[in-house]
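Novice: The amino acid sequence is not available; the structure is as follows:
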């Protein structure tokens with residue numbers, strides 16, 4: 001085969017450490033743009049990045065030249081640095097360790113785009129934890145409650 005053909009749609013979801021509600025609406029779009037640019041700089045194609053106070057959703061086409069773990073490591077580290085360098089939060093900002101990644105096919109693109117786009121409305125009805133657990137169940141992903149999220153002690 002002379003060429004490599006691919007189209008892999010990914011939704012990545014990650015939370016603020018301790019699920020703290022610190023992503024303020026006044027600057028959240030800035031951070032979403034930074035995250036989208038980081039994804040694009042990794043030769044992927046950002047479709048949409050959106051979230052609420054305590055978590056982010058990234059929907060993008062994955063490039064075959066980068067692993068998801070490498071991409072998420074870069075996105076989370078550099079976006080944290082951006083938030084801290086610009087002093088957008090009172091305390092040092094960190095994302096929660098880990099993330100959820102879910103793959104979709106071409107016929108789901110519009111539906112997932114709208115789902116990510118409507119996070120504010122969506123989370124008026126249910127919590128991030130409920131949403132995340134539903135995604136894990138829908139994708140039949142085994143998990144251990146003990147390691148799902150770090151809780152603030």
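Specialist: Alright, I've got the coordinates. Note that the coordinates shown come from a computational prediction; the quantities given were computed from them, not determined experimentally. Residues are numbered from 1 along each chain as shown.
Novice: Helix or strand: which one has residue 70?
Specialist: Applying DSSP states H and E as the criterion places residue 70 in helix 68-85.
Novice: An error on my part: the question was meant for residue 129.
Specialist: If you go by DSSP H and E, residue 129 is part of helix 128-138.
Novice: and that helix, which residues are buried?
Specialist: Of all the residues in helix 128-138, those buried under the rule 16 or more other Cβ atoms under 10 Å are 128, 131, 132. Quick note: C-beta positions are derived from backbone N, CA and C, even for glycine.
Novice: Could you pull up the contacting residues of the first one?
Specialist: Contacts of residue 128 were listed using Cβ atoms under 8 Å, 6 or more residues apart in numbering, and they are 15, 19, 52, 54, 55.
Novice: Which of those are buried? Put it as a ChimeraX command.
Specialist: Only the buried entries of the contacts of residue 128 go into this ChimeraX selection, using 16+ other Cβ under 10 Å:
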select :15,19,52,54,55
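Novice: Export the buried residues of helix 128-138 as JSON lines, with columns for distance to residue 67.
Specialist: Listed next are those as JSON lines, based on distance: Cβ to Cβ, whole Å:
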{"residue": "128", "distance to residue 67": "25"}
{"residue": "131", "distance to residue 67": "25"}
{"residue": "132", "distance to residue 67": "22"}
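Novice: Looking at those residues, spot the one nearest residue 111.
Specialist: Of all the buried residues of helix 128-138, residue 111 sits closest to residue 131, with 15.1 Å by Cβ to Cβ.
Novice: So which residues of the protein form strands?
Specialist: Taking DSSP state E, the strands of the chain run over residues 8-15, 45-52, 55-62, 100-104.
Novice: can you tell which of these is closest to residue 76?
Specialist: strand 8-15 (6.4 Å).
Novice: can you give me how far that closest one is from the chain middle?
Specialist: In terms of Cα atoms, centre = their mean, to the nearest Å, the centre of strand 8-15 is found 5 Å from the chain centre.
Novice: In this protein, where is pLDDT below threshold?
Specialist: Low-confidence segments of the chain, defined by pLDDT under 70, span residues 1, 150-153.
Novice: again, only using 50
Specialist: Along the chain, segments meeting pLDDT under 50 span 152-153.
Novice: Any idea how many residues pack against residue 33?
Specialist: When neighbours are counted by other Cβ atoms under 10 Å, residue 33 registers 13.
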